[in-house]
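# Just the structure for this:
(2 chains)
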Amino acid sequence: MGLAGAGPLIDVHAHFYYDGCARADWQPLNAARLRAGRAIGITCHVGSILGSWGRNSPIYFQSPADTIVGNDAMLALQRAHGSLIRSYVAVNPNDMTLALGEIERCVALGAVGIKLAAARRADDPHVDPIAAYAATHGLPILHHIWQHRRRYWPGQDASDGAELCRLAVRHPGVNVILAHIGGGGDYSHTFAAVRDTPNVYLDLAGSGVDRGMLDDALATVGPRRLLWGADLTLCTGLAKLWALETIGLSADDLADIRWRNAARIFPQGAFESAGESASAPASRQGRSSARTVA
Amino acid sequence: MPRVDVNAFIGEYPFRSVPHPDPDALVRVMDREEIAQAWVASLPAVWHRDPTHANDALIARLAPHASRLRAVPTIRPDWPQWRDALGRCADHNVPAIRAYPVHWGLGADDERLTQLAAECAGQGMALLLTVRFEDLRQRHALDVAGDLPAASVRELARADTGARIIVTAASRDMIEEVHWGLTPNERAKVWWDISWLWGPPEDHLAHLLRTIGSERFVFGTGWPLRLAQTPRANLALLPDELHALQLSDPSTWT
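Purely as a prediction, here's the structure:
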């Protein structure tokens, strides 16, 4: 049994690296993620690679060439690790023709979702063709988010929860994953922004471990709209799993957050190892009766 | 080895709601996390101009839990009669005092900080500094103090006051900038808590334990602002060859 207990556990927000990207230590980084994943008990890492991670083009404004190389590297990891790794196809909406073609190419090769970062605001109509494609093909979109973006930040055209909801409202048939509530910014703004948009899910990833954050997320959207993830810090991911165990969640609620919500919103068959027979409609909501984290 | 949390607080935080930040809750959390003792400061004292009343309240509120919770009062060395205040702390056998130079507008070269460190050394107390309470990206518009600069720690360590300096909530870059900017003798007076260090895959904690040594690190949570489970998770995810390493135990310091 892993440090996070028994049962399936899907990390919906993982990243990997490859030979030729900006990280010379790409091999130890990938190995460390898999080592920690084994220790925790992660049954599937759903990962993405953002171009060359800044080596040949900016992380959040990846060039067409970097987009293809990065996605190829991600798919190669998926092939190498079987059911342990699944891929998002990461695209830059500014090169829309390439983006749509890349999504189609990578989904045919096994990608299970779309990753959008910060090359274009989420509510920009320019993003709509990608959302429309996602709706047609039943693909979730994981969208990088700056929780309560109050100004421009260097290096990215980040979106916040309110901006993401405008995209989600225009495309109610798409399941949108709001990235890393612990990944920087004011998550309390996010919770209020997404409350009434049922096709927006919150991933718990990020280095932020503020007490009260998980409680407020549960109170606002309920356990059926939360997805566990780690992003760049598996230690905080494990801490959040341990915290969820202390706040009075039912076994069902905990299983929803650990893996079942993911199994519902990703394409059928995406997680062979995660007991997909429990799949159910993704639009149902629940309200948590959880007590406060101590 | 009994685990000592050097980075705990009680009291309200001015910029967001923090669930039940009181001594009773802290003791329950310590039981769950197998923490034997916590060094506890007053969170409101950070923002009070005069921390006297917050210190009095801290000592009174911790008294029923004296065997587990040790008070860490706040002393600002730019306030009249601060040495008297420090003396009163000594009467309560406190293990350390806290100072917040950035919040008080004291620069890295401010001699009053050096004087405070020297007095702490004379009283056998550690001097506890805080790099940050929250991530810079989420701070309230009025929370403009900024993070503690590395230079403040380096200057204090170089002043050779004899004081033990504990720095909480530092990340890898700051720790390395300070540690490798000091002589071996100066480094030996500085400890770092692990509350803000990243685990895998970046493995900042593992890297620092290998390069700097576990004896320079102490256990800290940042409770009630942060999940107390985080440092335990970070230690649990260390690579196998580092699991046997022991952090420094401040309860053994004399």
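
# which residues does the residue of chain A found nearest chain B contact?
Nearest to chain B, among the residues of chain A, is residue A:235, at 3.0 Å (Cβ to the nearest Cβ). C-beta: built from backbone N, CA, C; applies to glycine. Neighbour list for residue A:235: A:36, B:198-200, B:205, B:230, B:233-234, B:237 [criterion: Cβ atoms under 8 Å, 6 or more residues apart in numbering or on different chains].

# Which parts of the host helix or strand of it count as buried, going by neighbours?
Assigned by DSSP states H and E, residue A:235 belongs to helix A:234-246. Across helix A:234-246, burial judged by 16 or more other Cβ atoms under 10 Å in any protein chain shown covers A:234-244, A:246.

# all helices of the stretch 51-200 of chain B, in order?
For the stretch 51-200 of chain B, the helices defined by DSSP state H, counting those that start in this stretch occupy B:52-62, B:82-91, B:111-123, B:150-158, B:172-179, B:184-187.

# So which bits of the stretch 51-200 of chain A are right by chain B?
For the stretch 51-200 of chain A, the residues in contact with chain B (Cβ under 8 Å from any Cβ of the partner chain) are A:146-148, A:184-188.

# Recalculate using a threshold of 7 Å.
By Cβ under 7 Å from any Cβ of the partner chain, the part of the stretch 51-200 of chain A that sits against chain B consists of A:184-186.

# mind checking the longest helix of chain A?
helix A:64-81 (DSSP state H).

# circling back to that earlier point, which residue sits closest to the residue of chain A closest to chain B in space, ignoring its chain neighbours?
Nearest non-adjacent residue to residue A:235, counting by Cβ to Cβ, 6 or more residues apart in numbering or on different chains: residue B:199, 3.0 Å away.

# in terms of contact, does the one you found touch residue B:232 like I think?
No. Taking contacts as Cβ atoms under 7 Å, residue B:199 lies outside contact range of residue B:232: 10.9 Å.

# With neighbour numbers in mind, choose between those two.
residue B:199 (30 against 22; other Cβ atoms under 10 Å in any protein chain shown).

# residues contacting that one?
For residue B:199, the contacting residues are A:233-235, B:205, B:234, B:237, by Cβ atoms under 7 Å, 6 or more residues apart in numbering or on different chains.

# For residue A:291, give me the pLDDT.
In this model, residue A:291 is scored at 44, pLDDT.

# count of residues packed around residue B:176?
Neighbour tally, residue B:176, other Cβ under 10 Å: 17.

# mind showing which ranges of the stretch 1-150 of chain A have poor pLDDT?
Judged by pLDDT under 70, the stretch 1-150 of chain A has no weakly predicted residues.

# do that again at 90, thanks
Counting by pLDDT under 90, the stretch 1-150 of chain A has low-confidence residues at A:1, A:150.

# can you give me the strands for it?
A:10-15, A:44-48, A:85-90, A:113-116, A:141-143 (DSSP state E, counting those that start in this stretch).

# if we compare the ones you listed, which one ends up closest to residue A:79?
Residue A:79 lies closest, by Cβ to Cβ, to one member of the strands of the stretch 1-150 of chain A: strand A:85-90, at 8.8 Å.

# Next, the angle from that closest one to strand A:10-15.
Interaxial angle, strand A:85-90 versus strand A:10-15 (axes from the mean of the first three to the mean of the last three Cα atoms, to 10 degrees): 50 degrees.

# and strand A:85-90, how far out from the chain's middle?
In this view, strand A:85-90 has its centroid 10 Å away from the chain centroid, taken as Cα atoms, centre = their mean, to the nearest Å.

# could you dump it to PDB, C-alpha only?
Taking C-alpha atoms only, strand A:85-90 is exported to PDB below (Å, rounded to 0.1, in the frame of the first residue of the first chain):
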ATOM      1  CA  ILE A  85       1.200   7.400 -17.800                       C
ATOM      2  CA  ARG A  86      -1.400   9.200 -20.000                       C
ATOM      3  CA  SER A  87      -0.900  12.300 -22.100                       C
ATOM      4  CA  TYR A  88      -2.500  15.600 -22.700                       C
ATOM      5  CA  VAL A  89      -1.800  17.200 -26.000                       C
ATOM      6  CA  ALA A  90      -0.400  20.700 -25.300                       C
END
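
# Okay, now the sheet partners of it, with direction.
Here strand A:85-90 is paired, per DSSP bridges, with strand A:44-48 (parallel), strand A:113-116 (parallel).

# Save those strands as JSON lines, and put in mean neighbour count too.
As requested, the strands paired with strand A:85-90 are exported to JSON lines (neighbours: other Cβ atoms under 10 Å in any protein chain shown):
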{"stretch": "strand A:44-48", "mean neighbour count": "26"}
{"stretch": "strand A:113-116", "mean neighbour count": "27"}
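
# got a list of what the residue nearest to residue A:230 when sequence neighbours are not counted touches?
Distances taken as Cβ to Cβ, 6+ apart put residue A:237 closest to residue A:230, at 3.2 Å, once the chain neighbours are dropped. By Cβ under 7 Å, 6+ apart, the contact set of residue A:237 is A:205, A:229-230.

# Highest neighbour count among these?
residue A:230 (33 neighbours).

# Could you grab the helix/strand/coil label for that residue?
The assignment at residue A:230 comes out as coil when based on DSSP: H, G, I helix; E, B strand; the rest coil.

# go on, residue A:208?
Per three-state DSSP, residue A:208 ends up coil.

# Contact partners for the residue lying closest to it once chain neighbours are set aside?
Using Cβ to Cβ, 6+ apart and skipping the chain neighbours, the partner closest in space to residue A:208 is residue A:182 (3.2 Å). Residues near residue A:182 by Cβ under 7 Å, 6+ apart: A:204-209, A:213, A:236.

# With pLDDT as added columns, please give those residues in JSON lines.
Conversion of the contacts of residue A:182 to JSON lines gives the following (pLDDT from 0 to 100):
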{"residue": "A:204", "pLDDT": "98"}
{"residue": "A:205", "pLDDT": "98"}
{"residue": "A:206", "pLDDT": "98"}
{"residue": "A:207", "pLDDT": "97"}
{"residue": "A:208", "pLDDT": "97"}
{"residue": "A:209", "pLDDT": "98"}
{"residue": "A:213", "pLDDT": "98"}
{"residue": "A:236", "pLDDT": "98"}
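
# Which one of the residues you listed is nearest to residue A:106?
For the contacts of residue A:182, the nearest to residue A:106 is residue A:205 (21.9 Å; Cβ to Cβ).

# Now that closest one, what are its backbone angles?
Backbone torsions of residue A:205, given as degrees, to the nearest 10, read phi -70, psi 170.

# For it, give me its contacts.
Contacts of residue A:205 (Cβ under 7 Å, 6+ apart): A:13, A:179-180, A:182-183, A:229-231, A:237.

# farthest-separated two in those?
The largest distance within the contacts of residue A:205, taken as Cβ to Cβ, falls between A:179 and A:237 and amounts to 13.4 Å.

# CA atoms only: put the helix or strand bottoming out on mean pLDDT in chain B into CSV for me.
Least confident helix or strand, chain B: helix B:82-91 with a mean of 94, by mean pLDDT, DSSP states H and E. This file holds the C-alpha atoms of helix B:82-91, laid out as CSV (Å, rounded to 0.1, in the frame of the first residue of the first chain):
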residue,chain,number,x,y,z
TRP,B,82,12.9,46.3,24.4
ARG,B,83,15.7,44.9,26.6
ASP,B,84,13.2,44.9,29.6
ALA,B,85,10.7,43.0,27.4
LEU,B,86,13.3,40.5,26.5
GLY,B,87,14.2,40.1,30.2
ARG,B,88,10.5,39.3,31.0
CYS,B,89,10.6,36.6,28.3
ALA,B,90,13.6,35.1,30.0
ASP,B,91,11.5,34.9,33.2
